[in-house]
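J.: need coordinates for the below:
(one chain, ligands or ions: 1)
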Amino acid sequence: MDKQLINEILTAAKDGHDDQVAWRRHLHQNPEIAFQEHDTTRYLRQTCRELGLSERKLNMKTGLVAEIKGKRKTPIIAIRTDIDALPVTEQTELEFASRRPGFMHACGHDMHMASILGTARILNRFADRLPGTIRFLFQPAEEHPPGGARPMIAAGALESVSAILGLHVDPHVPIGKIGLRDGVTMASVTDFDLIVHGRGGHAARPQDSVDAIVVASELVAALQTVVSRHSDPINSVAITFGRIEGGTARNVIADHVRLTGTARTLSAADSKRLPKLIKRVADGICRAHGAKAEMNLIASYPVLSNSAEVNAAFRRSFESLYGKGKIVLTDQVLGGEDFACYQEIIPGAMFRIGIRNPKIGADKPWHSPYFIADERAMESAAAVLATTAIDLLTSEAA
Ligand code: NI
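T.: Sure, this is the predicted structure:
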């Protein structure tokens with residue numbers, strides 16, 4: 001890539017770092033959970049205005065879409081950040097720790113927001129040279145399926161967009177490095193409730209009842225055969241029940257039990273089959289005991305699969321900025337991410353930005369109340385996003 005341009009971007013990124021830290025700390029102190037991001041949206045709107053971005057109409061209560069328009073309207077490259085926090089009580093003792101008890105940016109979405117605001121700050125300098133438009137998507141509710149990506153898409157956020165870029169902080173990747181992976185990287189998510197309808201009665205007269213707790217217990221165990229016996233062992237599948245509710249008292253046989261579950265897989269084909277398989281096993285077990293199974297699909301995210309072309313642009317950009325040997329292969333995980341919803345429509349990729357630095361405690365897992373990030377990561381995140389966006393815009397426009 002053009003050396004002069006790379007140097008300009010590196011300088012602009014360095015200049016913007018203090019702003020990024022200020023934005024990030026403000027957002028970190030004021031976390032809001034999924035679809036409640038009102039103050040966050042106001043702050044983002046204000047900051048985008050100060051940066052000279054133009055806001056694009058979005059008919060949603062939270063979230064924001066803003067643009068930097070270059071010499072031409074199209075092509076358009078989108079850059080997405082999530083904006084929601086988690087219901088976690090922060091225990092880091094940082095000077096800028098959450099001021100809202102019970103809520104915390106424990107997944108780094110504050111870092112993501114400040115990173116793409118930093119990208120906007122850099123790209124603004126190049127606005128008159130951009131052969132198209134850069135659109136910034138500030139998306140609500142990544143942490144809470146059905147998530148904010150689908151409503152953003154329905155509201156037209158991807159209109160005329162040729163490709164989309166995303167990022168996620170990674171406490172496993174050392175500061176100064178990034179992680180990439182082509183193709184399937186994160187799992188599909190199928191969230192569901194199973195309700196076992198039995199027939200309540202006296203604890204001492206099981207013969208007159210259908211004990212929903214006994215049936216549910218068998219069901220929990222039997223459903224693991226969907227993983228071990230009904231899915232291709234080459235593909236990874238996980239079925240987890242995070243919550244079971246049923247019964248009222250020691251001497252009363254439970255009338256019904258609710259199982260709150262989630263199914264994950266890296267295989268798009270398995271993902272389609274999972275609800276049917278779960279229902280089939282549930283029906284069979286329940287019928288064997290005279291109970292009835294009811295299944296409610298709550299929400300789903302598709303498999304996240306990164307575009308090799310977009311990743312190649314990330315790689316070129318990062319190596320031009322910071323040299324070779326600093327890109328690691330991202331591990332596949334059964335976590336879900338609604339960035340996958342955008343990838344169903346247009347090519348897109350997420351990169352992992354290294355925030356690991358044990359010296360400052362930045363080695364705790366995502367969602368931990370002790371989650372800490374090395375803030376220097378935001379500078380390189382902004383630079384690589386800006387460079388990649390220009391790279392893709394230029395090749396789309398050619
Ligand atoms: Ni996250």
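
J.: residues in contact with A149?
T.: Contact analysis of A149 by C-beta atoms under 8 Å, 6 or more residues apart in numbering lists 139, 142, 338-342. For glycine as for every other residue, the C-beta is placed from the backbone atoms N, C-alpha and C.

J.: A141 versus that one, what's the distance?
T.: Distance of A149 to A141, computed by C-beta to C-beta, to the nearest Å: 8 Å.

J.: cool, and I345?
T.: Counting by C-beta to C-beta - I345 and A141 are separated by 18 Å.

J.: please apply the same query to K279.
T.: 27 Å.

J.: who does the strand ranked longest in the chain pair up with?
T.: Looking across the chain with DSSP state E, the single longest strand is strand 161-174. Each strand paired with strand 161-174, and its direction, by DSSP bridges: strand 76-82 (parallel), strand 348-356 (parallel).

J.: turn those strands into a markdown table, including mean neighbour count.
T.: Converted to a markdown table, those look like this (neighbours: other C-beta atoms under 10 Å):
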| stretch | mean neighbour count |
| --- | --- |
| strand 76-82 | 25 |
| strand 348-356 | 26 |
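
J.: can you redo these as a markdown table with distance to A397?
T.: Below are the strands paired with strand 161-174 laid out as a markdown table (distance: least, C-beta to C-beta, whole Å):
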| stretch | distance to A397 |
| --- | --- |
| strand 76-82 | 10 |
| strand 348-356 | 18 |
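
J.: turn those strands into JSON lines, columns for mean pLDDT and distance to T265.
T.: Shown next, in JSON lines, are the strands paired with strand 161-174 (pLDDT from 0 to 100; distance: least, C-beta to C-beta, whole Å):
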{"stretch": "strand 76-82", "mean pLDDT": "98", "distance to T265": "22"}
{"stretch": "strand 348-356", "mean pLDDT": "98", "distance to T265": "19"}
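
J.: of these, which is nearest A155?
T.: strand 76-82 (13.3 Å; C-beta to C-beta).

J.: what comes up buried for stretch 77-97?
T.: Within stretch 77-97, the residues that qualify as buried are 77-86, 88, 90, 92, counting by 16 or more other C-beta atoms under 10 Å.

J.: ok, now stretch 105-116?
T.: 105-116.

J.: neighbour count winner among K279 and A141?
T.: Each of K279 and A141 has its neighbours counted (other C-beta atoms under 10 Å); A141 has more, 25 against 16.

J.: tell me what the helix or strand harbouring A22 is packed against?
T.: Using DSSP states H and E, A22 maps to helix 3-29. On a contact count with 3 or more C-beta pairs under 8 Å, 6 or more residues apart in numbering; DSSP states H and E, helix 3-29 meets helix 38-50, helix 109-124, helix 308-322, helix 377-397.

J.: dump the contacts of A149 to a markdown table, plus pLDDT.
T.: Output for these, formatted as a markdown table (pLDDT from 0 to 100):
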| residue | pLDDT |
| --- | --- |
| Q139 | 98 |
| E142 | 96 |
| D338 | 97 |
| F339 | 98 |
| A340 | 98 |
| C341 | 98 |
| Y342 | 98 |
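
J.: returning to that earlier point: to L180, which of the helices and strands packed on helix 3-29 lies closest?
T.: That would be helix 308-322 among the helices and strands packed on helix 3-29, by C-beta to C-beta, at 5.2 Å.

J.: tell me the helices and strands packed up against that closest one.
T.: Using 3+ C-beta pairs under 8 Å, 6+ apart, helix 308-322 sits against helix 3-29, strand 161-174, strand 178-180, strand 327-329, strand 348-356, helix 377-397.
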